[in-house]
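1. fold the following, please.
(2 chains)
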Amino acid sequence: MDMLSIKNVSLCYQTPEGETDALKNVSLDVKQGEFVSLVGPSGCGKTTILSLTAGLIRPTEGQIFVDGKRVDGKTGCDVGYMLQRDQLFEWRTIRDNVMLGLEIQKKKTAENVEYAENLLIKYGLKDFFKHYPGELSGGMRQRVALIRTLAFRPKILLLDEPFSALDFQTRLSVCDDVYAIIRQEKKTAVLVTHDISEAVSMSDRVVVLSPRPASVKNIFTIDINAPTPLKRREDPGFSVWFDKIWTEVCV
Amino acid sequence: MKKNKKTLSPRQLYLRKIKLDKSKILIIQIAVLVAFVGLWELSTAVGWVDSFFVSSPSRIVRTFADLWKQDIMKHIGITLLECVLGFLISTVVGVIVAILLWWSETFRRVAEPYLVVLNALPKIALGPVIIIWAGANMNAIIMMTFLICIIVTVMSVLNGFMSCDKGKIFLLESMGATKFQILTKLILPYSVPNFISVLKINVGLSWVGTIMGEYLVSGAGLGYLIIYGGQVFKLDLVMASTVILCLLAALMYFSVCLCEKLIARKRRTSK
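-> Numbering: from 1, shown residues only, chains lettered A, B, ... in the order given. Okay, here's the model as predicted:
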């Protein structure tokens, strides 16, 4: 069963300067529990695909289905968006930050609150319920941001370069962290990144997009057998895949 | 003595230095005030300047004592009432207008040139109009205060709203938030620090408005006393009223600072 299915989607922007074709005939299917990365030259419209999936913009042509339901306007609860910067609210405690989605969607039931609190406990933030984001490290903040996204149980996670604001050391460990959580919660995830090594180390499949107007150029099924992104990076197959995708992006 | 100094750790020395610096500044601040008042008193006592024109601290104190026996509290009360009312009304209305402008882009774009022009206009020019519309009474003074504060409030509060991180708005939209939720969950709490600084500016502006209003029309109040004192050449009265005005303005400013501290603490400890 496809959790996300993008069918022949095209998008054309209108700006005062003229029309811009952002996407041209993009089709992509993502299975339940799959981790898919989108890579491509910068400015090719990777993020646009996520915005379309979240229902924040509408395609000019084509259709998008999330769990069999057509995306039409804001999807809200079906899709969880994680952004480049953690965007935690500085005036809310960690616990209250995590409750944000539930509040917005008016689903703050005792059961859902408990579920969210358990996520925090499960992923090592038990002692930080009453802390403020300013008191946490960049890596921990990103973990909170992920839990905030998971709290309202979206069907798909959309990750828009979630690690690019972190320094290299932190990025590798947060990458492992986020990967482990997503796998453990058996979530379907679509990651947009410009970092090919990140894509190879995390994904089941890597989708290479062409320059604007973006279309799917090639899809690679990564067959590295290792439990974590860091271990994947150490695998001999890693650099082979890296080179293959690198060439595909650049040509 | 020397031995004693050696036993202090670098940390203790550092802390002591901070403490010393702090008291040094305070001492100098007090010294400046004392020197100013002393020199003023001295120069009038010795006769370098005529206290008829510049008054003197001792005469101000005497005037203040006289005023105290009469009806100074009435004047203070009236001015304070006008100022606080003008301040509150302009703040509340200003925030409401800013929210409306934030809400509707059309409204915002339409209003922009009007706001710019109204902001540049010296509000005192509206004096005669205000008197005719509001009457030669307290309402006119409150209206003057309101007009002086309102535009700045609207513009500063709106600026604060608009400076909110687009990423955070995007995040809420992706969760399916309505515009009203974005306002209450994000824009308003995010703008609290900015709002406090707007309040601080408004304290100063509302005093300007009140005194200006009292210069225009008034039968009582500190501005009235100042104008009256000037007209009958009673510089003591002018100076004494000005000193009281200084104290009141400081008092109001510190009340806002106190609010700021309370809010900051509430934000830290609530929930």
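2. helix or strand: which one has A:L158?
-> strand A:156-160 (DSSP states H and E).
3. adjacent strands (with direction) for that strand?
-> Paired neighbours of strand A:156-160 in the sheet (DSSP bridges): strand A:79-82 (parallel), strand A:188-192 (parallel).
4. okay, those strands in TSV with mean pLDDT next?
-> Listed next are the strands paired with strand A:156-160 as TSV, based on pLDDT from 0 to 100:
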stretch	mean pLDDT
strand A:79-82	88
strand A:188-192	92
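5. quick check: the nearest residue to A:S210 once chain neighbours are set aside vs A:N118, distance?
-> Using C-beta to C-beta, 6 or more residues apart in numbering or on different chains and skipping residues adjacent in sequence, the residue nearest A:S210 is A:K217, 4.5 Å away. C-betas here are computed from N, CA, C, even on glycine. Distance of A:K217 to A:N118, given as C-beta to C-beta, to the nearest Å: 41 Å.
6. when the two are compared, which one has more neighbours?
-> A:K217 (16 against 11; other C-beta atoms under 10 Å in any protein chain shown).
7. how about the more buried one, what does it touch?
-> Residues near A:K217 by C-beta atoms under 8 Å, 6 or more residues apart in numbering or on different chains: A:G40, A:V208, A:L209, A:S210, A:E248.
8. list the contacts for the last one?
-> Translated: A:E248. A:E248 makes contact with A:V208, A:K217, A:N218, A:F220, according to C-beta under 8 Å, 6+ apart.
9. follow-up on the earlier one: what average pLDDT does the strand holding A:L158 get?
-> The average pLDDT for strand A:156-160 rounds to 90.
10. list the buried residues of stretch B:187-199.
-> B:I187, B:Y190, B:S191, B:N194, B:F195, B:I196, B:V198, B:L199 (16 or more other C-beta atoms under 10 Å in any protein chain shown).
11. for the third one, which non-adjacent residue is closest in space?
-> The shortest distance from B:S191 to any residue that is not its chain neighbour, by C-beta to C-beta, 6+ apart, is 4.5 Å, and that residue is B:G160.
12. would the one you found count as being in a helix?
-> Yes: counting by DSSP: H, G, I helix; E, B strand; the rest coil, one finds B:G160 located in a helix.
13. hmm, it is touching B:L188, no?
-> No: between B:G160 and B:L188 there is no contact under C-beta atoms under 8 Å: 10.1 Å.
14. show me the contacts for the one residue in the stretch 151-251 of chain A that gets nearest to chain B.
-> In the stretch 151-251 of chain A, the residue that lies nearest chain B is A:F152 (7.2 Å; C-beta to the nearest C-beta). Contacts of A:F152 were listed using C-beta under 8 Å, 6+ apart, and they are A:C77, A:G80, A:G101, A:L102, A:Q105, A:K107, A:N112, B:M175.
15. switch to 7 Å and redo it
-> By C-beta atoms under 7 Å, 6 or more residues apart in numbering or on different chains, the contact list for A:F152 reads A:C77, A:G101, A:L102, A:Q105, A:K107.
16. ok, it to A:K31 distance?
-> Distance from A:F152 to A:K31, by C-beta to C-beta: 22 Å.
17. B:L147: which of the strands paired with strand A:156-160 is closest?
-> Set against B:L147 and scored by C-beta to C-beta, the strands paired with strand A:156-160 come closest in strand A:79-82, at 44.7 Å.
18. list the contacts of that closest one.
-> A:53-54, A:66, A:145-146, A:149-150, A:154, A:156-160, A:162, B:171, B:174.
19. tell me the residues of the stretch 151-271 of chain B that contact chain A?
-> B:165, B:167-168, B:170-177, B:181, B:185, B:189, B:267, B:271 (C-beta under 7 Å from any C-beta of the partner chain).
20. what about 10 Å?
-> For the stretch 151-271 of chain B, the residues found near chain A under the criterion C-beta under 10 Å from any C-beta of the partner chain are B:165, B:167-178, B:181-182, B:184-186, B:189-190, B:192-193, B:267-271.
21. any of the residues you listed buried? List them.
-> B:168-177, B:181-182, B:185-186, B:190, B:267.
22. burial of A:F220, as a residue count?
-> The number of residues packed near A:F220 is 19, by other C-beta under 10 Å.
23. what's the answer for B:K261, then?
-> For B:K261, using other C-beta under 10 Å, the count is 11.
24. in the strand or helix carrying it, what's buried?
-> Using DSSP H and E, B:K261 sits in helix B:235-269. Buried residues in helix B:235-269, counted by 16+ other C-beta under 10 Å: B:235-242, B:244-245, B:248-249, B:252, B:256, B:260, B:267.
25. now, among the residues you listed, which is nearest to chain A?
-> Comparing the buried residues of helix B:235-269 against chain A with C-beta to the nearest C-beta places B:R267 closest, at 5.6 Å.
26. mind giving me the packing neighbours of the longest helix seen in chain A?
-> For chain A, the longest helix by residue count, based on DSSP state H, is helix A:168-184. With contacts defined as 3 or more C-beta pairs under 10 Å, 6 or more residues apart in numbering or on different chains; DSSP states H and E, helix A:168-184 has these neighbours: strand A:35-39, helix A:110-122, helix A:138-151, strand A:156-160, strand A:188-192, helix A:196-202, helix A:229-234.
27. starting at the chain centroid, how far to that helix?
-> 13 Å (C-alpha atoms, centre = their mean, to the nearest Å).
28. then stretch A:172-190?
-> Using C-alpha atoms, centre = their mean, the offset of stretch A:172-190 from its chain centre is 10 Å.
29. also stretch B:12-29?
-> Using C-alpha atoms, centre = their mean, the offset of stretch B:12-29 from its chain centre is 29 Å.
30. could I have that stretch exported to PDB, CA atoms only?
-> Presented in PDB, the C-alpha positions along stretch B:12-29 are these (Å, rounded to 0.1, in the frame of the first residue of the first chain):
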ATOM      1  CA  GLN B  12      35.800  36.100  44.700                       C
ATOM      2  CA  LEU B  13      38.000  38.900  43.400                       C
ATOM      3  CA  TYR B  14      36.000  39.100  40.200                       C
ATOM      4  CA  LEU B  15      32.700  39.300  42.100                       C
ATOM      5  CA  ARG B  16      34.100  41.900  44.400                       C
ATOM      6  CA  LYS B  17      35.200  44.000  41.500                       C
ATOM      7  CA  ILE B  18      31.700  43.800  40.000                       C
ATOM      8  CA  LYS B  19      30.200  44.900  43.300                       C
ATOM      9  CA  LEU B  20      32.700  47.800  43.600                       C
ATOM     10  CA  ASP B  21      32.100  48.900  40.100                       C
ATOM     11  CA  LYS B  22      28.400  49.000  40.800                       C
ATOM     12  CA  SER B  23      28.600  51.100  43.900                       C
ATOM     13  CA  LYS B  24      31.100  53.400  42.200                       C
ATOM     14  CA  ILE B  25      28.600  54.200  39.500                       C
ATOM     15  CA  LEU B  26      25.900  54.800  42.100                       C
ATOM     16  CA  ILE B  27      28.100  57.100  44.100                       C
ATOM     17  CA  ILE B  28      29.100  59.100  41.100                       C
ATOM     18  CA  GLN B  29      25.400  59.400  40.100                       C
END
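31. quick one, phi/psi of the nearest residue to B:K179 once chain neighbours are set aside?
-> Leaving aside its sequence neighbours, B:K179 sits nearest to B:W103 (C-beta to C-beta, 6+ apart; 6.8 Å). Backbone geometry at B:W103, expressed as degrees, to the nearest 10, gives phi -70, psi -50.
32. tell me the confidence at the spatially most central residue of chain B?
-> With distances taken as C-alpha atoms, centre = their mean, chain B has B:V203 as the residue nearest its mean C-alpha position (2.1 Å). Confidence at B:V203, expressed as pLDDT, is 91.
33. now do B:K271
-> pLDDT recorded at B:K271 is 40.
34. A:D21 too?
-> Predicted confidence (pLDDT) for A:D21: 86.
35. what does B:I27 give?
-> Listed pLDDT for B:I27 reads 96.
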